[in-house]
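J.: Let's see this in three dimensions:
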Amino acid sequence: MLSGMSSGNPQPGRSLRVSTDLVIETPENVVLTYRLAGPAARLLAYTVDFFLRAALLSVMYRLVGLGFAAGLGGISLGMLLLMMFFIDWAYYGISEGFFRGKTIGKHVFGLRVIQEEGYPITLWGALLRNIVRAADSLPLYVIFPFYGAGFITMLAAGRFRRLGDLVARTAVIEERRVSVPREPIILEKIEPLPRTDLGGYVPSGQTLALIEQFLGRRHVLTYRRGHAMAYILARALAKKLAYAGDPQLVDRYPMAFLARVYATFFQVHEDDDAEDAAQGKAGAAGRPRPALAGAAP
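T.: Here you go, the predicted model:
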């Protein structure tokens, strides 16, 4: 976590820098980079959740008062204790377990809990990290009167993990919405497939839209990764199309094959859409208009 220190050549004058990046390499050799959420952002999210829970408890206290006034003191007290247990202990665990690692406060500030390996948090992990919250909230003298144990652990353990994160093997990250740019497909530079090499199957508009989305973002992939991802769809389409052309085009250049499939059938769907629109207008013109209420026949 502290990257400004070097055991071989210490530099006392160099400032310490806390890394906020969580880099994970998956078994498929894909490198994922997350931005860790610091104590300030997590405190703000906790504040929102705290006031929300306080508001719920306030409503419950009022309902309990009404219950005592109506002679239902025992039932009202039991419901109050049950709700206090749920709000204090189950709120975080259930929210993070069923809502992609988010509570309402985390959602407001764009935070999310994940497993250390980069996977979405499990229900057991969410419950476990929040059971240990009681230990994290312990104060440490006057210096850290609020969540002292958790704050010290976040600084000492690395990756801003409190005790609950260490036990459940989780981390809190900041969500970043990335808009991947697209490059247009220039059909004039793509040669369609010969009709003699194809059967009678015509890909659906959804399939062509999928190919368009993939080819529009092909520049963000490496050459090898792009062909590996395109190979599955290319083989399936070649089988449905009864493609009788060069098999090397499908096996070695699947992205090029998908592009040629798109160029071959894109105009077909464009002509079908234009024909449907023309038939719709003609049908509307040939139908008699309904008479207005009160108009003379």
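J.: Gly101 contacts Ile114, doesn't it?
T.: Yes - at 5.9 Å, Gly101 and Ile114 qualify as touching, with contact defined as C-beta atoms under 8 Å. No exception for glycine: its C-beta is placed from N, CA and C like everyone else's.
J.: who touches both of those two?
T.: By C-beta atoms under 8 Å, 6 or more residues apart in numbering, Gly101 and Ile114 have these common neighbours: Pro120, Ile121.
J.: Neighbour count: the two, which is higher?
T.: Using other C-beta atoms under 10 Å as the criterion, Gly101 and Ile114 rank with Gly101 on top: 25 against 20.
J.: Report the beta-bridge partner residues of the nearest residue to Gly101 once chain neighbours are set aside.
T.: Take Gly101 and drop its neighbours on the chain: the residue closest to it by C-beta to C-beta, 6 or more residues apart in numbering is Val113, 3.6 Å away. With DSSP bridges as the criterion, Val113 is bridged to Val172.
J.: mind checking pLDDT for Val113?
T.: We have a pLDDT of 93 for Val113.
J.: Report the contact partners of it.
T.: Glu96, Gly101, Lys102, Lys106, Ile121, Ala126, Arg129, Thr170, Ala171, Val172, Ile173.
J.: For the second one, pull up the helix or strand it's in.
T.: Here Gly101 sits in a region with no helix or strand, counting by DSSP states H and E.
J.: contacting residues for it?
T.: So Gly101 contacts Arg112, Val113, Ile114, Pro120, Ile121, Ala126 (C-beta under 8 Å, 6+ apart).
J.: Report the separation between Lys106 and Phe257.
T.: Distance, Lys106 to Phe257, by C-beta to C-beta, to the nearest Å: 44 Å.
J.: Oh, that last question was meant for Leu80, not what I typed.
T.: From Leu80 across to Phe257, the span is 66 Å (C-beta to C-beta).
J.: got it, and Val113?
T.: With C-beta to C-beta as the criterion, Val113 and Phe257 are 42 Å apart.
J.: Also Glu175?
T.: For Glu175, the distance to Phe257 - C-beta to C-beta - is 36 Å.
J.: And for Ser76, the neighbour number?
T.: Neighbours of Ser76 (other C-beta under 10 Å): 19.
J.: Over to Gly105?
T.: 22.
J.: Also His219?
T.: 11.
J.: So it, which state does it fall into?
T.: The three-state label given to His219 by DSSP: H, G, I helix; E, B strand; the rest coil is helix.
J.: Just the pLDDT for it.
T.: With respect to pLDDT, His219 has a value of 75.
J.: how close does it get to Arg100?
T.: Taking C-beta to C-beta, one finds His219 at 29 Å from Arg100.
J.: can you check Ala40 too?
T.: Taking C-beta to C-beta, one finds Ala40 at 22 Å from Arg100.
J.: Work out the gap between stretch 68-83 and the centre of the chain.
T.: Chain-centre distance of stretch 68-83: 41 Å, with C-alpha atoms, centre = their mean, to the nearest Å.
J.: Buried residues, that stretch. List them.
T.: Within stretch 68-83, the residues that count as buried by 16 or more other C-beta atoms under 10 Å are Ser76, Leu80, Met83.
J.: And His107, which helix or strand is it part of?
T.: Going by DSSP H and E, His107 is in helix 104-108.
J.: Give the burial count for the spatially closest residue to Met229 that is not a sequence neighbour, as a bare number.
T.: Nearest-residue entry for Met229: Leu221, 7.0 Å, with adjacent residues in sequence omitted and distances by C-beta to C-beta, 6+ apart. Number of residues near Leu221 (other C-beta under 10 Å) recorded here: 15.
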